[in-house]
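1. below is the structure, and that's it, no one-letter string:
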């Protein structure tokens, strides 16, 4: 969190409307990319949820990458992934409630046929468990594989594997988590 705070202070200082710096241009490009990605997924109705999605994407991405610096990734803790999943499911259900109103939201549990209602209600509890365990399992799996590689192979060989497991896989997990959350939000609003 301290690194993110310092990063924010450095990149958000002296922002200008005209004569923008390369630093500001890079930041605006990254934020614009994330905004466009979530806008394509969520549509105009889901615009209000984009700041949450960008925040979670950045948090999970950074949390998975700090393992490169020798720190324990927070996403390696089941409590962190569970908290992220719970926040996401609350937002998902809120989006459905906000878009449809109480009557429409309750009615959506009986779709496509009333016989499915118990399964649709159970889905509220299954989705956060799925999000939580998918993120936690993949992060802990990558950690275990890297530790096994470090124990068996000499020091230089694990470097390319570290690029995959710590960087690529960590960023993919951030992408999968926020992509699924945004799809669930879009589904809840329809």
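-> On my side now, so go ahead. Computed from a predicted structure; not experimentally measured. Residues are numbered from 1 along each chain as shown.
2. C-alpha only now, for contacts and for neighbours.
-> Noted.
3. show me what secondary structure element comes after the lengthiest helix in the chain.
-> The residue-count maximum for a helix in the chain (DSSP state H) belongs to helix 117-152. Scanning forward in sequence from helix 117-152 by DSSP states H and E, the next helix or strand is helix 158-162.
4. check which element follows that next one along the chain.
-> Following helix 158-162 toward the C-terminus (DSSP H and E): helix 169-189.
5. now that next one against helix 117-152, angle please.
-> Here the directions of helix 169-189 and helix 117-152 differ by 170 degrees (axes from the mean of the first three to the mean of the last three Cα atoms, to 10 degrees).
6. mind checking how far the longest helix of the chain is from the chain centre?
-> Helix 117-152 sits 13 Å away from the centroid of its parent chain (Cα atoms, centre = their mean, to the nearest Å).
7. show me what it is packed against.
-> Applying 3 or more Cα pairs under 8 Å, 6 or more residues apart in numbering; DSSP states H and E, one finds that helix 117-152 contacts helix 78-107, helix 158-162, helix 169-189.
8. make JSON lines from those and add mean neighbour count, mean pLDDT and distance to residue 113 to it.
-> Output for the helices and strands packed on helix 117-152, formatted as JSON lines (neighbours: other Cα atoms under 10 Å; pLDDT from 0 to 100; distance: least, Cα to Cα, whole Å):
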{"stretch": "helix 78-107", "mean neighbour count": "17", "mean pLDDT": "94", "distance to residue 113": "10"}
{"stretch": "helix 158-162", "mean neighbour count": "15", "mean pLDDT": "72", "distance to residue 113": "48"}
{"stretch": "helix 169-189", "mean neighbour count": "19", "mean pLDDT": "91", "distance to residue 113": "17"}
